[in-house]
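Novice: sequence first, predicted coordinates after that:
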Amino acid sequence: MAPGADDIVDVAARFGAEVVVPVAAELDARPNPEDCFSWEIVEAASAAGLRTATLSAEYGGAGIDSLTTARVVEELGRADLGVSVVLAQTLKIAQTLQQAASLEQRDRFLPRFAADPRCLLAIGITEPENSSNYFIPYPEDFRTTATKVPHGWVLNGKKHFISNGNVASLYLLFAQTDPGRGLVEGSTCFLVERPTEGFSIGKVHDKMGERLANNAELLFDDCFVPDENVLGEVSRGFEVLTTFFPASNAYAAASVLGVASAAYDRSVEWTSKRYQGGAYLIEHDSVAADLARMRMLIDAARAYLRQAARAADHRDTEWDPTMGSLPKVFASEVAWEVVTTTLSLHGGHGYMKEAGIEKLVRDAAAFLHSDGANRTLLLKAARFIRDDARQEGA
């Protein structure tokens with residue numbers, strides 16, 4: 001665990017309680033999805049050192065490890081899922097840039113990122129025609145292409161559902177550079193700055209939950225990117241993901257587990273003060289058993305995702321490739337059970353918007369699908385299990 005880990009987790013908890021919680025419900029209720037996003041929250045996160053926490057001290061950050069990052073992300077998710085996603089995306093991409101970028105790229109981009117309190121990061125993979133193909137490799141190309149020209153590449157195509165898509169300043173953008181090889185073996189990762197001529201933002205998606213994070217379309221029309229903005233090697237872009245994104249799934253799990261933790265806290269509070277059937281609800285055995293089950297599931301999901309986060313920093317000795325898929329599946333299923341149980345325990349009161357439970361239900365639903373649909377991630381993990389079984393049987 002990085003030095004000062006508990007301190008920065010405490011900062012995240014206070015930030016969530018004091019900055020995010022007081023405004024989250026009002027922001028979530030705004031009808032225009034773009035208006036749900038708050039630059040004031042981002043600037044406050046920068047002032048607290050949270051936006052840059054994964055950067056090394058050399059670049060002005062706290063240098064926190066993956067386990068501490070997961071703990072920070074969970075505290076943010078407890079306050080609001082969207083805010084957690086906005087910052088988790090930025091934290092993990094900053095972490096990746098430090099490891100995957102060349103020295104020249106690090107020196108060019110990271111000081112600017114650290115200095116700008118509004119600088120957020122995004123990653124452009126998902127397209128209207130390609131999403132699960134990223135998790136379960138299928139021999140199909142990205143529709144977003146990069147064509148080689150003197151001194152650089154010309155990008156054409158479209159991405160969608162991109163977290164921080166309309167608010168980021170720097171993007172890790174995946175495009176097909178080797179046609180016919182499939183998106184895993186023939187794509188390249190580019191560092192695309194905003195603004196760049198030929199790069200524009202399309203629709204900002206109107207989501208059911210997780211509304212304080214914006215997801216948007218990225219549009220590329222003869223967008224020139226110089227050679228020096230290739231991240232990693234040409235047509236080997238997915239090595240950036242497999243090598244430098246091992247903790248991504250654990251961070252997603254931590255975000256949605258924060259929602260479950262918030263719901264559990266609401267349940268304990270409500271059942272401790274609601275008197276019905278001759279006793280407070282918490283004194284009824286059926287309700288107490290519900291609370292115990294919620295606590296058990298949350299603790300189990302937290303232990304699993306933290307194991308994966310820790311292993312991501314010790315891949316030579318602790319890593320199992322299923323950890324790149326399953327913690328988010330489990331945490332999101334736990335969160336869904338917890339929030340729906342919370343809704344039930346609150347009865348008719350819980351169905352009313354003023355109780356705040358319906359927001360938790362909408363938010364939890366997001367991560368049954370976000371960062372890989374659960375069924376897809378189960379199949380991804382199953383592929384590793386099958387491969388191991390075949391090797392043992394050979």
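Specialist: All right, it came through fine.
Novice: in the protein, what residue spans correspond to strands?
Specialist: Assigned by DSSP state E, the strands in the chain fall at 121-124, 145-149, 152-163, 170-176, 187-193, 199-204, 215-226, 230-231, 275-276, 279-280.
Novice: what about the chain, any weak spots by pLDDT?
Specialist: 1-3, 394 (pLDDT under 70).
Novice: residue farthest from the centroid of it?
Specialist: Relative to the C-alpha centroid of the chain, counting by CA atoms, centre = their mean, Gly278 is the outermost residue, at 44.4 Å.
Novice: ok now do that residue, which residues does it touch?
Specialist: With CB atoms under 8 Å, 6 or more residues apart in numbering as the criterion, no residue contacts Gly278. For every residue, glycine as well, the C-beta is placed using N, CA and C.
Novice: try it again at 10 Å.
Specialist: Contact analysis of Gly278 by CB atoms under 10 Å, 6 or more residues apart in numbering lists His284.
Novice: nearest to Glu392, out of the strands of the chain?
Specialist: Nearest of the strands of the chain to Glu392, taken as CB to CB: strand 187-193 at 32.1 Å.
Novice: okay, now the sheet partners of that closest one, with direction.
Specialist: Next to strand 187-193 in the sheet, as set by DSSP bridges, lie strand 170-176 (antiparallel), strand 230-231 (antiparallel).
Novice: would you reformat these as a markdown table and include mean neighbour count and distance to Ala355?
Specialist: Listed next are these as a markdown table, based on neighbours: other CB atoms under 10 Å; distance: least, CB to CB, whole Å:
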| stretch | mean neighbour count | distance to Ala355 |
| --- | --- | --- |
| strand 170-176 | 26 | 38 |
| strand 230-231 | 20 | 45 |
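Novice: these: which one's closest to Glu127?
Specialist: Nearest of the strands paired with strand 187-193 (CB to CB): strand 170-176, 9.3 Å.
Novice: now do that closest one against strand 199-204, angle only.
Specialist: Inter-element angle recorded for strand 170-176 and strand 199-204: 90 degrees (by axes from the mean of the first three to the mean of the last three CA atoms, to 10 degrees).
Novice: and strand 170-176, C-alpha only, in CSV?
Specialist: In CSV, the C-alpha atoms belonging to strand 170-176 read as follows (Å, rounded to 0.1, in the frame of the first residue of the first chain):
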residue,chain,number,x,y,z
LEU,A,170,-7.0,14.0,-24.0
TYR,A,171,-8.2,10.7,-25.4
LEU,A,172,-6.7,7.3,-25.9
LEU,A,173,-8.3,6.5,-29.2
PHE,A,174,-8.3,3.1,-30.9
ALA,A,175,-8.5,2.9,-34.7
GLN,A,176,-7.9,0.2,-37.3
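Novice: can you get me a residue count around the nearest residue to Thr243 once chain neighbours are set aside?
Specialist: The shortest distance from Thr243 to any non-neighbouring residue, by CB to CB, 6 or more residues apart in numbering, is to Ala100 (7.2 Å). If you count neighbours by other CB atoms under 10 Å, Ala100 ends up with 20.
Novice: which residues does Ala100 contact?
Specialist: Ala100 makes contacts with 93, 106, 172, 189, 231-232, 239-241, 243-245, as judged by CB under 10 Å, 6+ apart.
Novice: on that earlier part again, got phi/psi on the residue farthest from the centre of the chain?
Specialist: phi 80, psi 10 (degrees, to the nearest 10).
Novice: repeat for Ala213
Specialist: phi -110, psi 130.
Novice: show me the contacts for it.
Specialist: Residues near Ala213 by CB under 10 Å, 6+ apart: 33, 36-37, 80-89, 163-165, 167, 207, 255, 366, 370.
Novice: list the ones among those residues that fall in helices.
Specialist: 33, 36, 81-89, 255, 366 (DSSP state H).
Novice: type out the PyMOL command that picks the buried ones from those residues.
Specialist: The buried residues among these can be selected in PyMOL (16 or more other CB atoms under 10 Å) with this line:
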select buried, resi 33+36+81+82+83+84+85+86+87+88+89+255+366
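Novice: make JSON lines from the ones in helices among the contacts of Ala213 and add distance to Pro128 to it.
Specialist: Formatted as JSON lines, the ones in helices among the contacts of Ala213 follow (distance: CB to CB, whole Å):
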{"residue": "Pro33", "distance to Pro128": "18"}
{"residue": "Cys36", "distance to Pro128": "23"}
{"residue": "Leu81", "distance to Pro128": "24"}
{"residue": "Gly82", "distance to Pro128": "23"}
{"residue": "Val83", "distance to Pro128": "27"}
{"residue": "Ser84", "distance to Pro128": "26"}
{"residue": "Val85", "distance to Pro128": "21"}
{"residue": "Val86", "distance to Pro128": "23"}
{"residue": "Leu87", "distance to Pro128": "27"}
{"residue": "Ala88", "distance to Pro128": "24"}
{"residue": "Gln89", "distance to Pro128": "20"}
{"residue": "Ser255", "distance to Pro128": "24"}
{"residue": "Ala366", "distance to Pro128": "19"}
